[in-house]
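Enquirer: just coords:
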């Protein structure tokens, strides 16, 4: 089967429905949300993470697609901008926004993150979200400097990226040794395996070169995806999520997460 091209950023127009089901639906999505709520809840002094707040925040969800995480912030009263390269993903978000009457609080922009400045004049935000975008970019190292333009002093940045360690380990368990020897990790056309799965230490090095402080570093799905028996994987969801949270910030489990979540705060 043909490989996805690593020479262009991925557009999810063809996979919007599947993306919604596989990434955010079911237990996988519950684990992801539990880690995000725990990490953000420790540091962000706003609803829905805190009971009270001093002001309404301006929030940017860069590459936010269907807005599964960020729309919860709009429901809590904040002003939200979602941009995405995929018109189909934004259509899904628009349906939900209209259904809930959030039109006055949410702005949708159809563009790549690299082109966002053409639409919003480098407005600064209190909170920037960029989840599962970096690994789909031709040049993932470009992303952080672009996002920094939209962070005002003291603002927060939530970054999630796909972890290449998880692919290596899963292929070891499946005895797909040639994939590891050939470093053949990119997904095939139509796959949800990204074009540039990333080494956590490389992304952390990029973060260290930006004017931010790292507040939280967690793995997402640090063991769930390695349970090959589907019946066992779904057997005790509450206990599984509890254990995922417990292990998500401990090594070596954190470095085996399917995704890595970094929460940062701008220092200038």
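Expert: Perfect, I can see it now. If you're wondering where the values come from, they're calculated on a predicted model, not measured in any experiment. Numbering: from 1, shown residues only.
Enquirer: ok, the closest residue to residue 57 other than its chain neighbours - contacts?
Expert: Closest residue to residue 57 apart from its sequence neighbours, by Cβ to Cβ, 6 or more residues apart in numbering: residue 126 at 3.9 Å. To be clear about C-beta, it is placed using only N, CA and C from the backbone, and glycine gets the same treatment. Residue 126 sits next to 57-59, 152, 155-156 when contact means Cβ atoms under 8 Å, 6 or more residues apart in numbering.
Enquirer: highest neighbour count among those?
Expert: Among the contacts of residue 126, residue 59 has the most neighbours (other Cβ atoms under 10 Å), with 25 neighbours.
Enquirer: any idea which element that residue lies in?
Expert: strand 58-62 (DSSP states H and E).
Enquirer: which residues outside that strand are in contact with it?
Expert: Contacts of strand 58-62 (Cβ under 8 Å, 6+ apart): 67, 69-70, 73-74, 78-83, 113, 116, 123-131, 133, 147, 150.
Enquirer: which of these fall within helices?
Expert: The helices, defined by DSSP state H, take in 73-74, 147 from the contacts of strand 58-62.
Enquirer: just give me the longest helix of this protein.
Expert: Criterion DSSP H: the longest helix present in the chain is helix 26-43.
Enquirer: my guess is residue 93 meets residue 67, correct?
Expert: Yes: if you go by Cβ atoms under 8 Å, residue 93 and residue 67 touch, sitting 4.3 Å apart.
Enquirer: overlap in contacts, the two.
Expert: In contact with both residue 93 and residue 67: 82, 106, using Cβ under 8 Å, 6+ apart.
Enquirer: helices of the protein, start to end?
Expert: Along the chain, counting by DSSP H, helices occupy 16-19, 26-43, 71-75, 87-100, 117-120, 143-148, 164-173, 177-181, 200-208, 230-233, 237-247.
Enquirer: I'd like the ones you listed as a markdown table, with mean neighbour count and distance to residue 263 appended.
Expert: Shown next, in a markdown table, are the helices of the chain (neighbours: other Cβ atoms under 10 Å; distance: least, Cβ to Cβ, whole Å):
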| stretch | mean neighbour count | distance to residue 263 |
| --- | --- | --- |
| helix 16-19 | 16 | 23 |
| helix 26-43 | 18 | 5 |
| helix 71-75 | 20 | 14 |
| helix 87-100 | 17 | 23 |
| helix 117-120 | 13 | 23 |
| helix 143-148 | 18 | 13 |
| helix 164-173 | 17 | 20 |
| helix 177-181 | 11 | 31 |
| helix 200-208 | 14 | 11 |
| helix 230-233 | 10 | 27 |
| helix 237-247 | 15 | 15 |
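Enquirer: reformat those as CSV; add mean pLDDT.
Expert: Formatted as CSV, the helices of the chain follow (pLDDT from 0 to 100):
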stretch, mean pLDDT
helix 16-19, 54
helix 26-43, 95
helix 71-75, 96
helix 87-100, 94
helix 117-120, 92
helix 143-148, 96
helix 164-173, 94
helix 177-181, 90
helix 200-208, 98
helix 230-233, 89
helix 237-247, 97
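Enquirer: ok, back up a step: partner strands of the strand holding residue 59, parallel or antiparallel?
Expert: strand 79-84 (parallel), strand 125-131 (parallel) (DSSP bridges).
Enquirer: state the mean pLDDT of the longest one.
Expert: Translated: strand 125-131. Taken as a whole, strand 125-131 carries a mean pLDDT of 97.
Enquirer: buried residues in that strand?
Expert: Neighbour-count burial for strand 125-131 flags 125-131 (criterion: 16 or more other Cβ atoms under 10 Å).
Enquirer: do you know how far residue 121 is from residue 56?
Expert: Relative to residue 56, residue 121 is positioned 20 Å away (Cβ to Cβ, to the nearest Å).
Enquirer: between those two, which one's more packed in?
Expert: Set residue 121 next to residue 56 and count neighbours by other Cβ under 10 Å: residue 56 wins out with 14 against 7.
Enquirer: next up, the contacts around the closest residue to residue 34 other than its chain neighbours.
Expert: Spatial nearest neighbour of residue 34, chain neighbours left out: residue 241 (5.2 Å); criterion: Cβ to Cβ, 6+ apart. Going by Cβ under 8 Å, 6+ apart, residue 241 touches 27, 30-31, 34.
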